[in-house]
Structure formats: structure tokens, C-alpha cells
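Visitor: Take this sequence and fold it.
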Amino acid sequence: MLMNMEWYRIFLHTAKLGNLTKAAQELHITQPSVSYAIKQLEAQLEVKLFDRLSKGVKLTPEGLEVLAYVEKSFTILQAGEIQLQALKNLTAGELRIGASGPVIKHLLLPLLDTFHAEHPDVRIRLSQGKTSDIRDRLLDGQIDIGLVHLPLSDHELVVSHLKEIQDCFVVGEAYRHLVDTSFSAQALAQLPLLLLSEASSTRLFIEQWFKSQGITPDADMELSSMDMLIEMAIRGYGAAFVTQSFIDQELENKKLFRLQTIEPIPLRSVGFATRRNSSLPIIANRFIALLE
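Guide: Numbering: from 1, shown residues only. I've put the predicted structure just below:
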């Protein structure tokens with residue numbers, strides 16, 4: 001049964017004040033409008049809600065029953081409006097975002113720090129995974145924004161470019177003598193290679209670079225963390241394929257050394273993705289403004 005919410009609002013004020021005229025004054029409408037709404041509600045419910053008195057109205061037993069539920073309903077509605085205002089003001093709610101570990105550490109964290117400092121009451125839910133994992137979580141509605149390696153093509157997602165990154169092979173002190181050598185893909189493949197685990201976008205990218213030159217690389221170590229690749233390279237276990245901007249400090253401190261390749265390693269792009277044809281929460285839109 002569909003009801004006019006305005007009738008209930010008028011009913012509530014009338015019940016509280018016990019007078020049609022006073023209810024009309026408080027609601028800034030005419031007394032006949034109040035009387036009409038009450039009659040319509042009674043007709044719809046097929047029950048008498050008020051006894052008419054000489055100086056006002058009094059709830060019937062049935063009216064008292066209805067009042068209890070109307071009060072609860074309007075209290076819930078008011079709480080909903082308050083919560084909505086808190087979401088608009090970013091004093092409540094949550095930011096649901098996902099990215100790979102290296103992207104979190106080197107690209108996302110500075111932005112999250114800024115957002116968290118400005119909106120400390122917003123709960124941040126951060127999900128880590130490969131680009132393929134982040135895509136799946138976006139499609140499942142588990143997160144609202146995903147930072148991903150490009151290219152990423154999915155008709156259910158909107159993907160935007162964020163920044164370009166340059167990858168490289170690096171070695172530690174044990175292989176420092178190789179830094180003046182320009183390596184072909186074939187020569188590079190003879191070194192102990194430290195690569196991210198299979199199916200990661202970074203692994204697929206470097207494998208494609210090797211294959212474009214007729215080489216199928218064989219990883220000596222497959223690790224799920226770029227931080228571990230960096231650590232193993234520093235310790236002298238081989239040449240690690242990493243993103244250069246993620247190791248600026250290690251290069252500057254001469255803990256790592258970049259190897260030169262005859263065939264340049266192309267730039268890659270990092271972007272952010274959202275679900276197509278799906279409205280983003282206000283909080284997510286505010287964070288995207290930091291990305292753009």
C-alpha cells in the first residue's frame with residue numbers, strides 16, 4: 001500500500017500538538033490542508049486516527065498505534081539525512097581502493113596520506129593485488145577505484161591514464177662491473193634473472209619484450225614483491241626487473257646499479273579504473289580529484 005509521506009508528516013505534527021491549527025502554523029500550511037491530509041490518511045487506512053474535540057484533537061487507540069511507527073520511521077529518515085550529510089562532508093563513510101604493492105608504496109601512499117590528513121574520519125579500505133586481481137574486485141563491486149598497469153581493456157570499466165613509468169634491470173655491488181656493458185636480450189637472459197611472479201602485468205610486460213627479440217627468459221627467482229626483488233638484487237643474486245622511480249634512493253646510494261640494454265625497454269603507464277555505468281560514491285570522486 002503506497003502512502004503519501006506528507007500525510008504522515010502532517011499526522012505526526014498534529015498528534016504532537018493536539019491541534020489542527022497549531023500543526024498548520026508549524027508546518028506553514030493552511031488548516032484546511034491539515035484537515036484534508038488527515039481525512040485522506042484515515043480513508044486510506046480505513047481507520048479513525050483522531051477524535052475531534054472542542055479545542056483540538058486526540059488520538060484514538062488506533063491512532064496511538066500508528067504514531068509509534070510513524071515516529072520511528074521519521075527518526076530513521078532523519079538519521080539517514082544526517083548520515084548523507086556526513087558523507088557529503090566527508091566526515092563518515094569509506095574509501096575503497098585497490099592497487100599492486102609497488103604502486104601502493106610509491107604512487108598511492110603519498111595521495112592517501114594527503115587524503116587521510118584532510119578527511120581523518122573517512123575509513124580507508126585498501127586492497128592489494130595484481131592488476132588482474134584489481135580488475136576482478138572492481139567488477140565484483142568490492143572496490144570503487146583501482147590503480148592498474150596499462151594497457152587494460154574491459155568494456156565494463158572506464159580506464160584513465162595516470163602517469164608513465166620506466167622499468168629497468170638493476171644489479172647490486174656483485175655485478176657492478178657490468179654497468180658499462182650494453183646488453184642484448186640474449187646476453188641479459190644469461191644472467192640470473194629476478195622477476196615478479198607469473199601472471200603479474202610486470203612479468204608479462206618483460207616477457208613480451210624478450211619474446212619480441214626471439215628470447216624466452218628463464219627466471220632464477222620468482223617473487224611476489226618488488227621490494228623482495230630489490231633486496232635480492234642488492235644482496236647480489238642477479239639482475240632484477242623493477243620500476244626505476246621506485247628505486248631512486250637505492251640508485252643514489254649506490255646500492256643498486258642500472259644495466260644498459262641495446263634494445264630500449266619501452267615506457268609503461270599506470271592508470272586508474274572505475275566501473276562503467278555505475279555512480280561513484282562522493283568519497284571516491286573526491287579522491288579521484290587528487291589523481292587527476
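Visitor: any idea how far the residue nearest to residue 8 when sequence neighbours are not counted is from residue 18?
Guide: Excluding the flanking residues, the one nearest residue 8 by C-beta to C-beta, 6 or more residues apart in numbering is residue 70, at 5.3 Å. Where C-beta positions appear, they are placed from N, C-alpha and C, glycine not excepted. Distance, residue 70 to residue 18, using C-beta to C-beta, to the nearest Å: 15 Å.
Visitor: Repeat that for residue 211.
Guide: Distance from residue 211 to residue 18, by C-beta to C-beta: 84 Å.
Visitor: Please say which of these two ends up with more neighbours.
Guide: residue 18 (15 against 12; other C-beta atoms under 10 Å).
Visitor: Near the residue nearest to that one when sequence neighbours are not counted, how many residues? Count them for me, please.
Guide: When the adjacent residues along the chain are set aside, residue 18 lies closest to residue 56, with 4.6 Å between them (C-beta to C-beta, 6+ apart). By other C-beta under 10 Å, 16 other residues sit near residue 56.
Visitor: what are the bridge partners for residue 56, then?
Guide: residue 53 (DSSP bridges).
Visitor: show me what contacts it?
Guide: Residue 56 is in contact with 18, 19, 20, counting by C-beta atoms under 8 Å, 6 or more residues apart in numbering.
Visitor: Redo those residues as a markdown table? Include pLDDT, distance to residue 170 and secondary structure.
Guide: Shown next, in a markdown table, are these (pLDDT from 0 to 100; distance: C-beta to C-beta, whole Å; DSSP: H, G, I helix; E, B strand; the rest coil):
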| residue | pLDDT | distance to residue 170 | secondary structure |
| --- | --- | --- | --- |
| 18 | 94 | 81 | coil |
| 19 | 94 | 82 | coil |
| 20 | 94 | 82 | helix |
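Visitor: Distance to residue 165 added to the residues you listed, as TSV?
Guide: Formatted as TSV, the contacts of residue 56 follow (distance: C-beta to C-beta, whole Å):
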residue	distance to residue 165
18	71
19	71
20	71
